[in-house]
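K.L.:
below is the structure, and that's it, no one-letter string:
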């Protein structure tokens with residue numbers, strides 16, 4: 001092995017022996033002197049919920065960082081210092097502009113585009129490029145997947161889904177170009193296969209045993225190389241190397257124990273291979289897959305539709321047998337508003353779990369939530385009014401310092417949602433002067 005004294009240790013250095021290779025963890029010796037370490041990549045996630053919101057329990061009490069999250073947002077209280085609820089945003093592109101009914105299609109298609117969709121049920125669809133795709137076009141070159149589009153409802157492949165509007169508008173929030181929606185994946189198992197390979201093979205006991213046999217005793221083969229490297233490292237790096245080798249040895253011991261058990265471990269999320277997943281289980285899996293995709297840097301841009309535009313899904317598992325869309329037309333009836341609040345709160349509970357998952361994932365600079373920007377919202381305000389202003393929107397994460405929790409940010413009336421999307425582009429390192437009908441980037445910090 002060559003000497004490393006006075007030199008930077010190559011990041012791709014491997015311990016070698018008997019045909020085995022063992023990658024090293026990050027060591028201080030790999031960092032050039034007087035060079036600032038590379039910045040943690042920034043990620044962004046856009047989560048769309050249909051049918052607007054029961055706004056009264058959604059809205060925080062007060063403004064700024066002293067605002068109180070209650071009702072629908074109560075599950076976010078542990079993260080309130082890292083969350084901003086934004087009130088006052090509007091999407092003018094979602095309004096009729098002479099096209100008559102079809103607010104659900106317009107609210108969905110305009111959510112990330114802030115553009116007015118052409119009213120058509122044919123192939124001549126047109127709306128605008130979505131912000132996620134504008135970001136992916138710039139930031140997606142360094143990762144295996146420029147963007148990842150997910151959803152919980154597949155929707156009709158063609159035809160009209162809302163008052164003369166193509167189903168493409170209600171099925172899609174991500175648009176690569178004004179005329180090309182990006183198809184979303186709605187099955188967690190298929191998402192895992194796309195990102196990481198066949199989950200069935202990953203869970204196969206025989207394949208797992210063969211893999212463990214290959215993994216076993218790697219340290220024995222590279223021990224001499226490791227010792228030579230340790231002699232050339234500083235005290236701090238030697239401790240790190242020793243801790244790393246110890247952790248790998250512990251892994252080998254666990255692999256041996258697994259061979260003695262009847263059940264074999266699988267690297268896929270719990271429940272992924274269960275074909276009987278209900279909506280709640282599928283949503284939890286989708287969020288876990290998003291976290292895994294970000295953590296492994298498979299992608300840095302994700303969209304997730306928890307329901308298609310105008311979704312009438314029943315939430316029986318919450319004790320709400322009525323359809324979501326039907327309930328959104330509440331007419332201020334207390335029983336419908338109560339049921340609607342249960343659905344809204346459930347979605348925030350799942351979002352809060354996802355954000356906590358990101359906060360628990362460590363990075364060199366902090367945690368994954370600190371390196372991310374997660375936006376949750378709807379293209380409608382009150383589902384009964386079908387209004388496209390004062391939209392329910394929240395932002396979480398710090399985007400590597402480009403954002404911080406502001407509690408409750410109350411914008412001026414008719415502030416374009418495009419101002420938020422312009423700010424997200426800037427946080428992701430995309431140089432853009434304008435997006436759709438933006439009038440300036442919203443202040444995220």
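P.N.:
Yep, it's here. This structure is a prediction, so every number in the text was calculated from the model and none was measured.

K.L.:
what about the helices in this protein?
P.N.:
Counting by DSSP state H, residue ranges of the helices within the chain are 55-58, 103-109, 131-139, 167-171, 188-196, 199-202, 205-215, 218-230, 235-259, 279-295, 324-328, 334-360, 417-427.

K.L.:
quick check: mean pLDDT of the longest one?
P.N.:
Rounded to a whole number, the mean pLDDT of helix 334-360 is 98.

K.L.:
what helices or strands is it leaning on?
P.N.:
Applying 3 or more CB pairs under 8 Å, 6 or more residues apart in numbering; DSSP states H and E, one finds that helix 334-360 contacts helix 55-58, helix 279-295, strand 314-315, strand 320-323, helix 324-328, strand 366-367, strand 372-377. In short, each C-beta sits where N, CA and C put it, glycine included.

K.L.:
and residue 371, how far from residue 144?
P.N.:
Residue 371 is 18 Å from residue 144, where distance means CB to CB, to the nearest Å.

K.L.:
more crowded one of those two?
P.N.:
Comparing residue 371 with residue 144 by other CB atoms under 10 Å, the one with more neighbours is residue 371, at 24 against 12.

K.L.:
so what's that one up against?
P.N.:
If you count contacts by CB atoms under 8 Å, 6 or more residues apart in numbering, residue 371 has them with 40, 41, 42, 43, 363, 365, 397, 398, 399, 400.

K.L.:
go ahead and name everything in contact with the strand ranked longest in the chain.
P.N.:
Assignment by DSSP state E gives strand 407-416 as the longest strand of the chain. By CB under 8 Å, 6+ apart, the surrounding residues in contact with strand 407-416 are 59-60, 62-67, 80, 83-92, 114, 389, 436-439, 442.

K.L.:
mind listing what's buried along that strand?
P.N.:
407, 408, 409, 410, 411, 415, 416 (16 or more other CB atoms under 10 Å).

K.L.:
who does the third one form a beta bridge with?
P.N.:
With DSSP bridges as the criterion, the beta-bridge partners of residue 409 are residue 86.

K.L.:
residue 323 reaches residue 307, doesn't it?
P.N.:
No. In this structure residue 323 lies outside contact range of residue 307 using CB atoms under 8 Å: 10.8 Å.

K.L.:
which of those two has more neighbours?
P.N.:
Legend: neighbour count by other CB under 10 Å for residue 323 and residue 307, higher for residue 307 (25 against 15).

K.L.:
what residues are up against the nearest residue to the more buried one once chain neighbours are set aside?
P.N.:
Leaving aside its sequence neighbours, residue 307 sits nearest to residue 50 (CB to CB, 6 or more residues apart in numbering; 4.4 Å). Residue 50 sits next to 104, 107-108, 305-311, 324-325, 378, 380 when contact means CB under 8 Å, 6+ apart.

K.L.:
can you check residue 421 too?
P.N.:
If you count contacts by CB under 8 Å, 6+ apart, residue 421 has them with 112, 114, 131, 435, 436, 438.

K.L.:
top of the contacts of residue 371 by number of neighbours, please.
P.N.:
residue 397 (31 neighbours).

K.L.:
phi and psi next, for that one.
P.N.:
Here is the backbone geometry of residue 397 (degrees, to the nearest 10): phi 100, psi 170.

K.L.:
and the residue nearest to it when sequence neighbours are not counted, how far is that from residue 183?
P.N.:
In space, residue 397 comes closest to residue 372 once its chain neighbours are excluded; the distance is 4.4 Å by CB to CB, 6+ apart. Distance from residue 372 to residue 183, counting by CB to CB: 24 Å.
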